[in-house]
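> structure for the following, please:
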Amino acid sequence: MTEGWQYRPADGRFDEAVTPDGAVRPAWRRVAGLLAAGHHGALLERQRQADRMLDAEGAGQLVHDLSGATGAPESTPWRLDPVPLVLGEEEFDRLAAAVEQRSRAIEAVLADLHGPRRLVREGVVPAGTRAATSALRMSAIGQSVPRWLVHHAVDVVRVADGSWRVVGDLTDAPTGLGYALLNRSVMARVMADPLRESATASLVQAPAVLRRALAALASEGRADRRTVVLSGGPDHPSYVEQSYLAVQMGLHLAEGADLVVRQHRLWLRALDALETIAVVYRRVEDRGLDPHEVRAAGAQGVPAITWAARAGGVVLANAFGSGVAESDVVGAGLPDAARLLLGEELALPAWRLGDELATTPLFDAAAGFVPCRVVVRLHALIGPQGVWVLPGGAGRVLRDGDHPAAPTALRAKDVWVTGAGPSTRTRAPIVVPPQVDFGGSVPKRVADSLYWTGRAAERAEVAARAARVVGGQLAQGPDRVAGAGGARVRGAAAHQRAAQGV
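Below you'll find the predicted structure:
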């Protein structure tokens, strides 16, 4: 074991960092050495810095839970562990190949379920799928889409024998990509030396890869290829990620009120006029996308947006109806479906209830390094040049008794892929995206918010100046304020009320 690396893994199961005989695994040697070189106080300070940076990014309250008493959404703090989860380049390449295979298999399954339905005829998927799952959208059957999936996420865990298992696929509006990029942005500042010296693969290309994949969906010959990120608004559990991704890609973050369907096309309500939209990267799930299709509470979606998509006026990514691949009915038949449609055996088997999980080091302020269990979310971006798997991801720490599909611990881990350099699978060209035009094409709702933000800033500035004047007078002596029969006090109070618009 590396000198100074005070870590004792759990007995009888695979550990990411340490072998059963106590030796540090090759992928962890550089990271373990760098962590061992620091002391407890240094790691504690890195934890504090990470907390502060996440809070500055607006991610200090990332996780939304439902209150048991009222059922209202509540936010709880999200913390990023200063100890990453490290994977070697060769091992990640095997995982990436398995994720790529699943993406191709699910694309084929979605195309079949909404088209020829060979899987139903062959008995791979039950004929009563419509009754067995509410995720199958009957209006999506028969529609022609350029691609069902542009973004596919896969939750994986390592079990006690060291092999990997799939917990589930996310195909509707997968979350986690923005969180992974945000986590890496923080780690690049608080763990800059370990990140650089361990030759960790970069994630900086992901926004450009996703933007290019979205742009490729626009109809050929269409002059306007505007893409927007459709958000569920500040009340949506992943709103922080949605806004972060929009900024990284240089795209408008639009809410339902910013969009309107007319003449079978989707339009952005901009200051100057309505502007056409070619592609929507939707962060709103199927159930809340179009109130004309799915009856749902709230006003997150856009009425008739699915009708415009069926008419070819706009492309939705992922396509409406893709959420059915997340259902247990389809997931259970995926191995057989891959054999039938692709002629391939899936490389990653499914996790089974009762499978013991492997461990990895976690920094604990009181106990130092302790073993924990982690579920890792990997992301595949699908474009005209095939499937590109993000060389890393985000891990969620599990509490005792947690199901991997529903972690309750609020600790995140950045996933590092270390080695001499990223493999061919993890390379992608860097394309600088055009900046959003914040002139005429700014949405009316955003312009209105900016106006009132400016007014509030003006009032705050006037109030601060008045308080500074009064504070200066008090510093010179209370009599300067209390004199003249209290007229100065009344005048200062009137000035403050005027500054605050009261």
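
> dead centre of this protein: give me the residue that sits there.
Centroid-nearest residue in the chain, with CA atoms, centre = their mean: residue 176, separated by 2.7 Å.

> elements contacting the helix or strand encompassing residue 120?
Secondary structure assignment for residue 120, by DSSP states H and E: helix 118-121. Secondary-structure packing of helix 118-121 (3 or more CB pairs under 8 Å, 6 or more residues apart in numbering; DSSP states H and E): helix 89-113, helix 334-341. Where you see a C-beta, it was placed from the backbone N, CA and C, and this is true even at glycine.

> only the buried residues of the helix or strand that the last one is followed by, if you could.
Where DSSP H and E defines the elements, the next helix or strand beyond helix 334-341 is strand 360-364. Within strand 360-364, the residues that count as buried by 16 or more other CB atoms under 10 Å are 360, 361, 362, 363.

> on the three-state scheme, residue 261 is what?
strand (DSSP: H, G, I helix; E, B strand; the rest coil).

> quick one, grab the pLDDT at the closest residue to residue 398 other than its chain neighbours.
Using CB to CB, 6 or more residues apart in numbering and skipping the chain neighbours, the partner closest in space to residue 398 is residue 373 (4.5 Å). For residue 373, the model assigns a pLDDT of 96.

> and residue 373, how many neighbours?
24 (other CB atoms under 10 Å).

> for it, give its distance to residue 276.
From residue 373 across to residue 276, the span is 48 Å (CB to CB, to the nearest Å).

> kindly report the same for residue 186.
Going from residue 186 to residue 276 by CB to CB gives 37 Å.

> of the two, which one has the most company?
residue 186 (23 against 17).

> what helix or strand does the residue nearest to the more buried one when sequence neighbours are not counted sit in?
Counting by CB to CB, 6+ apart, residue 53 is the residue found nearest to residue 186 once chain neighbours are left out, at 4.7 Å. Assigned by DSSP H and E, residue 53 belongs to helix 40-56.

> now residue 243
helix 239-249.

> let me see the mean pLDDT of that helix.
Rounded mean pLDDT across helix 239-249 is 91.

> and if you look at stretch 98-118?
Stretch 98-118 comes out at a mean pLDDT of 96.

> could you do stretch 25-32 as well?
Mean predicted confidence for stretch 25-32 is 88.

> what comes up buried for it?
27, 28, 29, 30, 31, 32.

> just stretch 323-342 next, same as before
Across stretch 323-342, burial judged by 16+ other CB under 10 Å covers 323-327, 329-331, 333-335, 337-338, 340-341.

> wait, which of these is closest to residue 191?
residue 326 (33.6 Å; CB to CB).

> in TSV: the helices and strands packed on helix 118-121, plus distance to residue 466.
Output for these, formatted as TSV (distance: least, CB to CB, whole Å):
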stretch	distance to residue 466
helix 89-113	59
helix 334-341	66
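
> rewinding a little: next structured bit after the helix holding residue 243?
Helix 239-249 is succeeded, C-terminally, by strand 252-254 (DSSP H and E).

> now do the buried residues in that following strand.
Neighbour-count burial for strand 252-254 [16+ other CB under 10 Å]: 252, 253, 254.

> residue 208: which of the buried residues of strand 360-364 is nearest?
residue 360 (30.2 Å).

> got a list of what the closest one touches?
15, 16, 17, 85, 371, 372, 373, 374, 395, 413 (CB atoms under 8 Å, 6 or more residues apart in numbering).

> tell me the contacts of the spatially closest residue to the third one that is not a sequence neighbour?
Using CB to CB, 6+ apart and skipping the chain neighbours, the partner closest in space to residue 17 is residue 28 (4.5 Å). Contacts for residue 28 were tallied using CB under 8 Å, 6+ apart; they are 16, 17, 18, 86.

> which one of those residues is nearest to residue 144?
residue 86 (43.7 Å).

> quick one: secondary structure of the closest one?
Residue 86 - assigned by three-state DSSP - is strand.

> wait, isn't it in contact with residue 16?
Yes: if you go by CB atoms under 8 Å, residue 86 and residue 16 touch, sitting 6.9 Å apart.

> so which of the two has more stuff around it?
Set residue 86 next to residue 16 and count neighbours by other CB under 10 Å: residue 86 wins out with 26 against 19.

> now the more buried one, which residues is it bridged with?
Legend: beta-bridge partners of residue 86 under DSSP bridges are residue 416.

> from residue 25, how far out is it?
In terms of CB to CB, residue 86 sits 8 Å off from residue 25.

> flag the shaky bits of the stretch 101-250 of the chain, pLDDT-wise.
129-132, 221, 223 (pLDDT under 70).

> how about the strands in it?
151-158, 164-170, 227-230 (DSSP state E, counting those that start in this stretch).

> in CSV, list those along with mean neighbour count.
Formatted as CSV, these follow (neighbours: other CB atoms under 10 Å):
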stretch, mean neighbour count
strand 151-158, 24
strand 164-170, 19
strand 227-230, 24
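
> with distance to residue 461 as extra columns, can I get those in TSV?
TSV is the format used below for these (distance: least, CB to CB, whole Å):
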stretch	distance to residue 461
strand 151-158	42
strand 164-170	45
strand 227-230	32
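
> and of those, who's closest to residue 194?
Closest among the strands of the stretch 101-250 of the chain, using CB to CB: strand 151-158, at 21.8 Å.

> give me the contact list for the closest one.
For strand 151-158, contacts defined as CB under 8 Å, 6+ apart pick out 14, 16, 95, 99, 102-103, 106, 164-171, 174-177, 210, 281, 317-318, 348, 351, 355, 357-358, 373-382, 404-405.

> pLDDT score assigned to residue 348?
Residue 348 is given a pLDDT of 96.

> so which elements touch the top strand by length along the chain?
In the chain, taking DSSP state E as the definition, the longest strand is strand 368-383. Under the contact definition 3+ CB pairs under 8 Å, 6+ apart, strand 368-383 sits against helix 89-113, strand 151-158, helix 177-190, helix 206-215, strand 360-364, strand 386-389, strand 393-398, strand 411-418.

> mind running it again at 7 Å?
helix 89-113, strand 151-158, helix 206-215, strand 360-364, strand 386-389, strand 393-398 (3 or more CB pairs under 7 Å, 6 or more residues apart in numbering; DSSP states H and E).

> taking strand 151-158 as reference, get the angle to it.
Angle, strand 368-383 to strand 151-158, by axes from the mean of the first three to the mean of the last three CA atoms, to 10 degrees: 150 degrees.

> from the chain's centre, how far out does strand 368-383 sit?
With CA atoms, centre = their mean, to the nearest Å as the basis, strand 368-383 stands 13 Å off its chain's centre.

> which positions in it come out as buried?
369, 371-383.

> pick the most buried one from the helices and strands packed on helix 118-121.
Stretch with highest mean neighbour count among those: helix 89-113 (a mean of 20; mean count of other CB atoms under 10 Å).

> who touches that helix?
With CB atoms under 7 Å, 6 or more residues apart in numbering as the test, helix 89-113 has contacts from 118-119, 125, 148-149, 152, 154, 156, 164, 169, 171, 322, 324-325, 330, 334, 337-338, 341-342, 344, 346-348, 378, 380, 382, 387, 389, 391, 417-419, 423, 425.
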